[in-house]
Structures are given as structure tokens and as C-alpha cells.
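Participant: missing the sequence, but the structure's below:
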Ligand code: ARG
């Protein structure tokens, strides 16, 4: 590893299921505040144990999904491209994330008005390329704008299953050549693009995909993910990756897991630009 991983998280003080904007959310089921806190703390402690520095953004009452910092924006070197959320209930998060980024050394840019973009939830680097999910949340045109702005190739992938509404729920780059994916979340074209462009594509079964197995945080060669993915854990072990399974069920009730609860500020492990320019520079 070239740098100390830096990760943005938001304490779950005001987290809850207050509206329903994806098929996982059910206000009648709700979430348990004490369990949510314990699960979030365990995720934070695991990342610290793996050598990460955790930066915290202040939670805000009335913004229950602010905990999902992956949706704050997309980081590329010192640039923070802020999100434009599709649903009004999340739009109030943007000024908080933008303020945080601009006061922590990032240049902040926003996609043009009228385009939706949900940050690192839908835009993931694998090697030199930005893999970009669209339809349920982000617009394909916002990804093209991001690609033009930072000068990288973008591969737009249409998401077809509403349960996998963000790309990070069904695709997880582990390094520049390896990624996890759930084939059922993509159409034939998307599957063929992935097969062409990722050398070692590890298929996740439907049973493990619905436990948010693809929504994993990669630190070096360790993959932190929701418990209940024994098959993927074996596939990863064969490739020299360790897994750290954690109970994250309280967040799955909102349609998120380990990856959604984090935003890598120094670039994801799989991003080639990260290797070219060590973070902190
Ligand atoms: N309830 C949130 C939403 O529907 C969950 C966001 C999960 N984030 C992610 N990066 N997949 O927007």
C-alpha cells in the first residue's frame, strides 16, 4: 500500500428508515438505534485495525441517510465531484458534504444542473477506467460529464434490477484486474462489457448478492463485508484476499452495507490514478 487509507464516515446518530426510496426500505420495519450504532462502530474499528484513518462528518437531524457517505460524491485526487441526488429526501445532504469537502482540502465541482449523480455509489474505478451505473439513481449523461471533466474513460452500465439500484451494490473492484459482480443486476450488454474489461471477474450468486456481498470495502488485500458470504470468501481466499465479515443488517434495511457507509478519500485500492499519485501529495 502506498498511502494510509483515509475514509469518510458519518455516525448513525440520526439514522433510521424514515422514507422508502428503494425496495429494501420499509418504514414499518424500521431500524434499531442501539444495534445500528454497534454495527457502525464495529465497521469503524475494523477499518482502523486495518490501518485506515477515519474522518467524520457531523450527523444532521432529519437526514437519516447521511450515514451513507459513499453517496457524498466522487473523489479523484484533490477533486470532489459532489452528488446531485435523484430523490428530494436526500438532496439536503449535498450542502453538508460539499462543505465538508471544501474545508478538508478538496476542490469541489458539481455536475450540471438537471443531471443526477450519486457519487461513489454509482461510479467506481477499476484500473484506469470509471465503471458507472445508471438508471435508478444516476443519469448516464452525468457519468459522461464526469469522465470528460477528469479525463478518464467511462463505461456506462445500465442497472436492471431495482434491488441493485446503485452500482456498488452489485460490482466491487478489488484491484485493477479483479472485481466481484452479480450478473443478474446487469443486462447482456453490461455483462459483456464487464467480461471484456475486467480480467478476473468473480461471480457472486443471487443468494449471496442479496446479502450485499458486493457492497464491500477493500483495504489492501482485505475485504470488509457483510457476514453471510461463505462462497465469495472462499473465492477471495483463492486469490489471496482475506475477508472480515461483519453484521451489518441494520443498514441493509436501508439498502446499504459496508461500502455505502464509507467514502475512500485517497482513492479506492483498484483505482490506477491512486498508484500514479500517492495520496497526501
Ligand atoms: N437509503 C439509501 C438510499 O436509498 C441507501 C444508500 C446506499 N448507498 C450506496 N452507496 N449503495 O439512497
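Facilitator: On my side now, so go ahead. Worth saying up front: this structure is predicted, and the values here are computed from it rather than measured.
Participant: what does the model give residue 8 for pLDDT?
Facilitator: If you check residue 8, the pLDDT there is 98.
Participant: ditto for residue 275
Facilitator: 80.
Participant: ditto for residue 281
Facilitator: Per-residue pLDDT puts residue 281 at 45.
Participant: For stretch 165-176, buried residues please.
Facilitator: 165, 166, 167, 168, 169, 170, 171, 172, 173, 174, 175, 176 (16 or more other CB atoms under 10 Å). C-beta coordinates here come from the backbone N, C-alpha and C atoms, glycine included.
Participant: With adjacent residues omitted, what lies nearest to the fifth one?
Facilitator: It refers to residue 169. residue 215 (5.5 Å; CB to CB, 6 or more residues apart in numbering).
Participant: I'd assumed residue 259 was in contact with that neighbour.
Facilitator: Yes - applying CB atoms under 8 Å as the test, residue 215 and residue 259 come out as touching, 4.3 Å apart.
Participant: anything in contact with each of these two?
Facilitator: Here residue 215 and residue 259 share the contacting residues 168, 172, scored by CB atoms under 8 Å, 6 or more residues apart in numbering.
Participant: ok, back up a step: how many neighbours does the residue nearest to residue 169 have?
Facilitator: 30 (other CB atoms under 10 Å).
Participant: Same check on residue 104?
Facilitator: Residue 104 has 13 neighbours, counted by other CB under 10 Å.
Participant: Tell me the secondary structure at it.
Facilitator: Three-state call for residue 104 (DSSP: H, G, I helix; E, B strand; the rest coil): coil.
Participant: What residues does this protein have near the ligand?
Facilitator: Contacts of the chain with the ligand, taken as CB under 6 Å from any ligand atom, map to 21-22, 25, 65, 68, 70-71, 90, 121, 166, 168-169, 254-256, 260.
Participant: ok, 8 Å please
Facilitator: 21-22, 24-25, 64-65, 68, 70-71, 85, 87, 90, 118-122, 137, 165-166, 168-169, 215, 254-257, 259-260 (CB under 8 Å from any ligand atom).
Participant: Mind checking which of these are in helices?
Facilitator: Per DSSP state H, helices hold the following members of the residues of the chain next to the ligand: residue 90.
Participant: Just the buried subset of the residues of the chain next to the ligand, written out for ChimeraX, thanks.
Facilitator: Buried members of the residues of the chain next to the ligand, defined by 16+ other CB under 10 Å, are picked up in ChimeraX with:
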select :21,22,24,25,64,65,68,70,71,85,90,118,119,120,121,122,137,165,166,168,169,215,254,255,256,257,259,260
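Participant: ok, the residue in the stretch 101-250 of the chain positioned nearest to the ligand - contacts?
Facilitator: Taking CB to the nearest ligand atom, the ligand has its nearest neighbour within the stretch 101-250 of the chain at residue 121, 2.9 Å off. Contacts for residue 121 (CB under 8 Å, 6+ apart) come out as 68, 70, 71, 137, 166, 167, 168, 260.
Participant: can we see that at 7 Å?
Facilitator: By CB atoms under 7 Å, 6 or more residues apart in numbering, the contact list for residue 121 reads 70, 71, 166, 167, 168, 260.
Participant: Thought residue 119 was touching the first one, still the case?
Facilitator: Meaning residue 70. Yes - look at residue 70 against residue 119 with CB atoms under 7 Å: they come within range, at 6.5 Å.
Participant: Once you drop chain neighbours, what's closest to residue 124?
Facilitator: Counting by CB to CB, 6+ apart, the residue nearest residue 124 is residue 131, at 5.2 Å.
Participant: pLDDT below threshold where in the stretch 1-150 of the chain?
Facilitator: Filtered on pLDDT under 70, the stretch 1-150 of the chain yields the residue ranges 1-3.
Participant: So which residues of it form helices?
Facilitator: Ranges of helices in the stretch 1-150 of the chain, per DSSP state H, counting those that start in this stretch, are 33-49, 88-91, 94-102, 140-150.
Participant: Now distance to residue 156 too, for those, in JSON lines please.
Facilitator: Below are the helices of the stretch 1-150 of the chain laid out as JSON lines (distance: least, CB to CB, whole Å):
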{"stretch": "helix 33-49", "distance to residue 156": "30"}
{"stretch": "helix 88-91", "distance to residue 156": "22"}
{"stretch": "helix 94-102", "distance to residue 156": "23"}
{"stretch": "helix 140-150", "distance to residue 156": "5"}
